[in-house]
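**Student:** generate a structure from the sequence data that follows.
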Amino acid sequence: METNLWSERTQIYKLTDEYSIQRAEVDEWGIYCSIYYNASYNGFFREELYNRARNNAFWIYKGEMKIGGVRMAPNLIYHLFFIPPFRHEFEVLKQLKMILIQWSDRANPIKTFEVLPDQVPLYAKAGFWPDEFRCRWMQRPTDYFEIKWDSNVIIQSPQIEDNDAKSGKRFTNEDEIAHCDFHSFQGGFEAVRRNKASLADFVPNEDPNLTNERLLQASTLVYDRESGD
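**Tutor:** Model (predicted):
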């Protein structure tokens, strides 16, 4: 039986004449998700269990062909992946969003999480808007990279100094960092999402008291030797 009304008993939901989603057995679904969710990140998220026993794992089908998977429930969507060589991700996500709206409580937001960087534009194009807060992870923070810099550049690490005006500390290079970030990211999706429009919005707001010498050394400022920029 095919219906677009949410029910944990419904096995198949028709998205269009061409696409559908079907409930998945979590062990097999978890294997596919661990491979196709994003191979570049799976080594980092190796502790993640994609086959957790939740009744919201679906296969995505185009006709009789399995083209991907997703976890969905009212007001919730995550772990969206596609199986190569399928490339019409936006077309599918639009349809998933439409059925998700039908399932969901309109008084509450639809939430998605664990959106990897390469999928942010896809979700944004489909009308999803990431929350202002986003966690970040540092991968292999103790690994040392031997880099041979070009002689035309000057390499420095941020420094910390006392700041009497704020009765605390500040980064000595924060004005230069702000100018660099402003000219690099103004008008971009991340800037708009975080309500950053002016130069002042890009001044580093991290607390210097929460860093240490190793983190400072791991941060790099690159200047053109001739122009000083």
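
**Student:** how does the protein divide into domains?
**Tutor:** Domain assignment for the chain by automatic domain parsing gives 12-125, 153-224.

**Student:** run the chain-centre distance for the first one.
**Tutor:** Centroid separation for domain 12-125 versus its chain: 15 Å, with Cα atoms, centre = their mean, to the nearest Å.

**Student:** which secondary structure elements does the longest strand along the chain contact?
**Tutor:** Determined from DSSP state E, the single longest strand within the chain is strand 65-73. Contact analysis of strand 65-73 by 3 or more Cβ pairs under 8 Å, 6 or more residues apart in numbering; DSSP states H and E lists helix 26-36, strand 57-62, strand 76-82, helix 89-103 as its packing neighbours. C-betas here are computed from N, CA, C, even on glycine.

**Student:** show the average pLDDT along it.
**Tutor:** The average pLDDT for strand 65-73 rounds to 96.

**Student:** next one: stretch 18-26
**Tutor:** 95.

**Student:** quote the end-to-end distance of that stretch.
**Tutor:** Using Cα to Cα, to the nearest Å, the span of stretch 18-26 from its first residue to its last is 24 Å.

**Student:** what's the answer for stretch 16-36, then?
**Tutor:** Here the two ends of stretch 16-36 are set 24 Å apart, with distance taken as Cα to Cα.

**Student:** list the buried residues in it.
**Tutor:** By neighbour count on 16 or more other Cβ atoms under 10 Å, the buried set for stretch 16-36 is 19, 20, 21, 23, 24, 26, 29, 30, 32, 33, 34, 36.

**Student:** make CSV from these and add distance to residue 4 to it.
**Tutor:** Putting the buried residues of stretch 16-36 into CSV (distance: Cβ to Cβ, whole Å) gives the following:
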residue, distance to residue 4
19, 13
20, 11
21, 11
23, 14
24, 18
26, 23
29, 21
30, 26
32, 24
33, 24
34, 29
36, 26
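
**Student:** now, which of those residues sits nearest residue 153?
**Tutor:** Nearest to residue 153 among the buried residues of stretch 16-36: residue 36, at 39.3 Å, using Cβ to Cβ.

**Student:** that closest one contacts residue 82, correct?
**Tutor:** Yes: proximity of residue 36 to residue 82 meets the contact threshold set by Cβ atoms under 8 Å, at 6.7 Å.

**Student:** about what we covered before: name the strands paired with the longest strand of the chain and say parallel or antiparallel.
**Tutor:** Neighbouring strands of strand 65-73 in its sheet, by DSSP bridges, are strand 57-62 (antiparallel), strand 76-82 (antiparallel).

**Student:** what's it in contact with?
**Tutor:** The list of residues contacting strand 65-73 from outside it, by Cβ atoms under 8 Å, 6 or more residues apart in numbering, reads 6, 21, 24, 29, 32-33, 36, 54, 56-61, 77-83, 86, 92, 96, 100, 103.

**Student:** assign residue 7 to helix, strand or coil.
**Tutor:** Under DSSP: H, G, I helix; E, B strand; the rest coil, the three-state class of residue 7 is coil.

**Student:** so how far is residue 82 from it?
**Tutor:** Here the distance between residue 7 and residue 82 works out to 26 Å (Cβ to Cβ, to the nearest Å).

**Student:** returning to that earlier point: in the longest strand of the chain, what's buried?
**Tutor:** If you call a residue buried by 16+ other Cβ under 10 Å, then strand 65-73 has these buried ones: 67, 68, 69, 70, 71, 72, 73.
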